[in-house]
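Undergrad: Provided below are the primary sequence and the corresponding predicted coordinates.
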Amino acid sequence: MKQPTLNDRAVSDLKSHLGFWLRFVSNHVSYAFADKLLASGVTVAEWVILREMFDHASLAPSLLAESTGLSRGAVSKLVDRLFRKELLTRVGRDDDRRFQTIALTPAGKSLVPRLAKLADENDAEFFAALTQDERQALSAILKKLVEANHLTKLPTE
């Protein structure tokens, strides 16, 4: 049977692309983690915000947007959702009502380590087929690609 062609050039097979395999694995890892998060009532995107906030006493949403690579609008929506879930607080400034900082509530602070454990378990389960050396090599390769392509936006989906 003849290969499909376009102007006498072979059309590459979907599965011949590294991007296909990266997305295939990434989707399954992400979906498994999202499923584990369901009981906590937190989405993957919310988890990213909570984990970023865990390392800061408080932070301006604009700095959170910068550190995650998300738009200010996306961060604002996530902050609103986490505020409604009582996992974040907002503190405004008396001299400028437009400026606010956000911080984790006690409930948010106690939730982050539990969710981090789920993330650790998800990785351990999913990558169990790899040796420690293979996991380290894969991590190094992926980090090299992130750096080479100047990727800054954290994955939230």
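TA: Received the coordinates, thanks. Residues are numbered from 1 along each chain as shown.
Undergrad: Tell me the spacing between residue 85 and residue 126.
TA: Remark: distance between residue 85 and residue 126 (CB to CB, to the nearest Å) = 27 Å. For glycine as for every other residue, the C-beta is placed from the backbone atoms N, C-alpha and C.
Undergrad: Looking at those two, which has the bigger crowd around it?
TA: Each of residue 85 and residue 126 has its neighbours counted (other CB atoms under 10 Å); residue 85 has more, 17 against 14.
Undergrad: mind listing what the more buried one touches?
TA: By CB atoms under 8 Å, 6 or more residues apart in numbering, the contact list for residue 85 reads 41, 42, 46.
Undergrad: Report how many residues lie close to the second one.
TA: Read it as residue 42. By the criterion of other CB under 10 Å, residue 42 has 23 neighbours.
Undergrad: Now do the contacts for it.
TA: The neighbours of residue 42, taking CB under 8 Å, 6+ apart as the test, are 50, 85, 87, 111, 115.
Undergrad: So which of these wins on neighbours?
TA: Top of those by neighbour count (other CB under 10 Å): residue 87, with 25 neighbours.
Undergrad: do you know how far it is from residue 111?
TA: Residue 87 sits 6 Å away from residue 111, taking CB to CB as the criterion.
Undergrad: what's the overlap in contacts for these two?
TA: Joint contacts of residue 87 and residue 111 (CB under 8 Å, 6+ apart) are 42, 50.
Undergrad: Please save the CA atoms from stretch 121-137 in CSV.
TA: Output in CSV follows, covering the C-alpha atoms of stretch 121-137 (Å, rounded to 0.1, in the frame of the first residue of the first chain):
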residue,chain,number,x,y,z
GLU,A,121,2.3,9.9,44.6
ASN,A,122,1.1,10.6,41.1
ASP,A,123,4.6,10.9,39.9
ALA,A,124,5.8,7.8,41.7
GLU,A,125,2.9,5.8,40.3
PHE,A,126,3.2,7.0,36.8
PHE,A,127,7.0,6.9,36.4
ALA,A,128,7.5,3.7,38.3
ALA,A,129,8.4,1.9,35.1
LEU,A,130,11.6,4.1,34.9
THR,A,131,14.7,3.6,36.9
GLN,A,132,16.0,6.4,39.0
ASP,A,133,18.7,7.1,36.4
GLU,A,134,16.0,7.2,33.6
ARG,A,135,13.8,9.6,35.6
GLN,A,136,16.8,11.9,36.2
ALA,A,137,17.7,11.8,32.5
